[in-house]
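In: Pasted the sequence and its predicted model underneath.
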Amino acid sequence: MPETQRSSHFGFRFVTPLALGSTLNPVNSTMISTALAPIAVAFSASVAQKGWLIAGLYLTSAIAQPTMGRLADLFGPRRVYLISLALVAIAGIVGALAPSLAVLVLSRVLLGVGTSGAYPSAMRIFRSQGDRHGMAPPRVAMGALSFAGIATTAFGPLLGGLLTGSFGWHAIFTINVPLAFLTACLVTLWVPKDDPRTASFSRLVQEVDLPGVALFSVALILLMTFLMNLDHPLWWTLPASAAFWIGVVIHSLKRSQPFVDVRMLAKNLPLTITYLRIMLFLMISYCVLYGFAQWLESSAHYSASAAGLITLPMSILAGICSLLAARTKGLKLPFVTSAVGGLIGCACLTFIHGDSPIWFVAAAAMFFGIPMGMTSTATQTAIYVQAPAAKIGTAAGLQRTFAYVGAIFAASLLGIVFGHKPSDSGIHALAIVMGCVSAFLLIFTFFDWTLPKGSLE
């Protein structure tokens, strides 16, 4: 059956609420990039303190995504989706009224929990419908999901800049309330209801693996604390984090359904490599989204609105590339093309300065739209074919966990290269680091034997 006919089971009405809900995390992740400067002024925050607004969301999402994915597998994706949307609305209200940076970080943490239910729930629904109809991976439908996420990721700085310039930085939190309400209405009307399920609190505790979540959370928090304070290293956090990571592994090996399934990662090498690859690609993307925006406002002295507009070519290219990746028959080409795009972008960044022509500044960032657009769609397809069918929700959530760890690394790297304030030398150093990572991804992916060969149609 042709791909377009197979995807008819995932019609517009069905895909739209899933795609809209999946945009909530990307748009909230990147809208704040152009608001970091005015937030810093409002609360007298340093670069490192601003970093907690970035890392706090991703830390929470890294923990919540697999948890929400497991809940979607167990109790129904539609139910989990609607609960998540309610949390998004509450987080929007808290953020809009935040009287301090600490409360603002708290709202981002709550937002991370709420937005974490959308993507694994959507993947669970896709897989259930695909298995029901005996379909191959619905790449067009997943391409629409990816396009929505990528478009909002890439257009986030533009939207954030316009909202901040017109209504102040509070607007980037307030906008979540109507978005969550609209998505909840569409999900209620258009997404098929879950099968009737009953579950006790004891089963919830047993299946979700709360001890595993706690171990993973402490290990990641300690690691992030070390990375976010590299200018004054808290050395004790490094061995403490290592001890908890060992605890995560030991606990995982003893439990039949662990939060982080170490056995699955060890046995399923293709899936593990997919996770590590998206972590590195997303580290590059978030370095650009946050670092480039801060440099534009602090070093090149553009307004928040202008900074958002300068990223428009990157946003457009990202959207185009996400659609192109959905039409490719294999996986290697999108990943290799993404690495090449990253290399070209890094080369361009090494030549920009605060007084560079605006067209050159926009062109330098534009090439990063290639990895932003292509890696998401290709990774979704890789997860679909590599993960066990019964654990697709959990696997999709774990994919986002690795992506958010990449974002945390990006926030830490920005703190190192920018110091107290973004500068030309800082953006050049950032370009060199990202260029080395892009080169590694290009060479490794080109020779990666774990990627499926041939067409996935």
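Out: Ah, there it is.
In: Neighbours of Ser241, how many?
Out: Neighbours of Ser241 under the rule other Cβ atoms under 10 Å: 20. From N, CA and C alone the C-beta is placed, and that goes for glycine too.
In: show me what contacts the residue nearest to it when sequence neighbours are not counted?
Out: Among residues not flanking Ser241 along the chain, Leu222 sits closest, at 3.7 Å (Cβ to Cβ, 6 or more residues apart in numbering). Going by Cβ atoms under 8 Å, 6 or more residues apart in numbering, Leu222 touches Thr237, Leu238, Ala240, Ser241, Phe244.
In: let's go with 7 Å and repeat that
Out: By Cβ atoms under 7 Å, 6 or more residues apart in numbering, the contact list for Leu222 reads Thr237, Ala240, Ser241, Phe244.
In: Name the nearest of these relative to Ala304.
Out: Proximity of the contacts of Leu222 to Ala304 (Cβ to Cβ) peaks at Thr237, which lies at 34.0 Å.
In: Model confidence for that closest one, exactly?
Out: The confidence metric pLDDT takes the value 93 at Thr237.
In: Neighbours of Ile432, how many?
Out: Neighbours around Ile432, by other Cβ under 10 Å: 12.
In: Repeat that for Lys193.
Out: Lys193: 9 neighbours (other Cβ under 10 Å).
In: What of Ala389?
Out: By other Cβ under 10 Å, 11 other residues sit near Ala389.
In: what kind of secondary structure is Lys193 in?
Out: Counting by DSSP: H, G, I helix; E, B strand; the rest coil, the backbone at Lys193 sits in coil.
In: ok, and the closest non-adjacent residue to Ile352?
Out: Closest to Ile352 by Cβ to Cβ, 6+ apart is Ala364, at 5.2 Å.
In: measure the closest residue in space to Pro192 that isn't next to it in sequence to Met68 for me?
Out: In this structure, Pro192 finds its nearest non-sequential neighbour in Arg78, 7.3 Å apart by Cβ to Cβ, 6+ apart. Separation of Arg78 from Met68 (Cβ to Cβ, to the nearest Å): 13 Å.
In: same deal with Leu210?
Out: For Leu210, the distance to Met68 - Cβ to Cβ - is 14 Å.
In: Between those two, tell me which one has more neighbours.
Out: Met68 (32 against 13).
In: how does this protein divide into domains?
Out: Residue ranges for the domains of the chain, per automatic domain parsing: 3-209+255-446, 210-254.
In: Next up, phi/psi of Phe367, please.
Out: phi -60, psi -20 (degrees, to the nearest 10).
In: shouldn't it be in contact with Gly341?
Out: Yes - using Cβ atoms under 7 Å, Phe367 is in contact with Gly341, at 5.1 Å.
In: Those two: who's more crowded?
Out: Higher neighbour count among Phe367 and Gly341: Gly341, with 25 against 22, using other Cβ under 10 Å.
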